[in-house]
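**Q** My questions are about this predicted structure, shown below with the sequence.
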Amino acid sequence: MSFFSKGDMEMSDKRFLKRKKSIFYLKVEDYVSGKEIGRLVDITDLGFRIITGSSVATGKELVLTIELPEAFEGREQILFKATCMYNTKDVNPDYYSAGFQFKDITVGERNVIFWLSKNYIFQE
């Protein structure tokens with residue numbers, strides 16, 4: 001199931017969506033290893049960007065969780081698949097900026113992302 005009603009979009013099309021910057025730097029974890037991979041810095045309907053202390057392989061698909069700032073519909077986190085679309089050095093050379101595209105996102109996860117965007121993300 002595509003997350004966005006317009007169907008799957010190429011990353012070259014991603015900039016038509018206005019990014020929304022996070023008020024909180026929410027923790028993003030690798031579900032399989034349980035290790036934190038970074039902190040959420042912005043999000044769109046199609047994907048998100050994190051700041052991380054280590055490089056993430058471009059093209060790598062991961063199962064990730066985002067820890068929510070408060071429980072929503074009984075959830076304290078969301079679980080989803082995402083593919084790393086780019087990974088570059090951040091402005092701060094000690095960190096990397098990695099962009100991910102959501103994969104096979106469910107309606108439930110989409111609702112949580114909408115709630116998160118509406119309540120905890122700056123509306124730019």
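**A** Here it is on my side, so go on.
**Q** so what strands line up beside the longest strand anywhere in the chain?
**A** Longest among the strand segments of the chain by residue count, using DSSP state E, is strand 75-89. Applying DSSP bridges to the sheet, strand 75-89 is found paired with strand 61-72 (antiparallel), strand 96-103 (antiparallel).
**Q** Need the winner for burial among those strands.
**A** Mean neighbour count (mean count of other Cβ atoms under 10 Å) peaks for strand 96-103 among the strands paired with strand 75-89, with a mean of 22. In this view, the C-beta of every residue, glycine as well, is placed from N, C-alpha and C.
**Q** any residues touching that strand, and which ones?
**A** 3, 11, 14, 38, 41, 46-56, 61-62, 64, 80-90 (Cβ atoms under 8 Å, 6 or more residues apart in numbering).
**Q** Just the buried residues out of these, in ChimeraX syntax.
**A** Typed into ChimeraX, the line below selects the buried ones among the contacts of strand 96-103, using 16 or more other Cβ atoms under 10 Å:
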select :3,14,38,41,46,47,48,49,50,51,52,56,62,64,80,81,82,83,84,85,87
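**Q** all helices for the chain, in order.
**A** In the chain, the segments counted as helices under DSSP state H are 107-120.
**Q** And the residue nearest the centre of it?
**A** residue 48 (3.4 Å; Cα atoms, centre = their mean).
**Q** Residue 52 contacts residue 40, doesn't it?
**A** No: judged on Cβ atoms under 8 Å, residue 52 makes no contact with residue 40 at a distance of 10.6 Å.
**Q** got any ranges where the chain has weak pLDDT?
**A** 1-24, 121-124 (pLDDT under 70).
**Q** mind exporting the longest strand of the chain as PDB, just the C-alpha atoms?
**A** Listed in PDB are the C-alpha atoms of strand 75-89, where the atom choice follows Å, rounded to 0.1, in the frame of the first residue of the first chain:
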ATOM      1  CA  ARG A  75       0.900   3.600  21.100                       C
ATOM      2  CA  GLU A  76       4.200   4.900  22.500                       C
ATOM      3  CA  GLN A  77       6.000   4.400  19.200                       C
ATOM      4  CA  ILE A  78       5.400   3.700  15.600                       C
ATOM      5  CA  LEU A  79       6.900   0.700  13.700                       C
ATOM      6  CA  PHE A  80       7.500   0.900  10.000                       C
ATOM      7  CA  LYS A  81       9.900   0.000   7.100                       C
ATOM      8  CA  ALA A  82      12.000   2.800   5.500                       C
ATOM      9  CA  THR A  83      14.700   3.000   2.900                       C
ATOM     10  CA  CYS A  84      17.700   5.300   3.300                       C
ATOM     11  CA  MET A  85      17.600   7.500   0.200                       C
ATOM     12  CA  TYR A  86      20.700   9.700   1.000                       C
ATOM     13  CA  ASN A  87      23.300  10.100   3.600                       C
ATOM     14  CA  THR A  88      25.600  13.200   3.800                       C
ATOM     15  CA  LYS A  89      27.800  14.900   6.300                       C
END
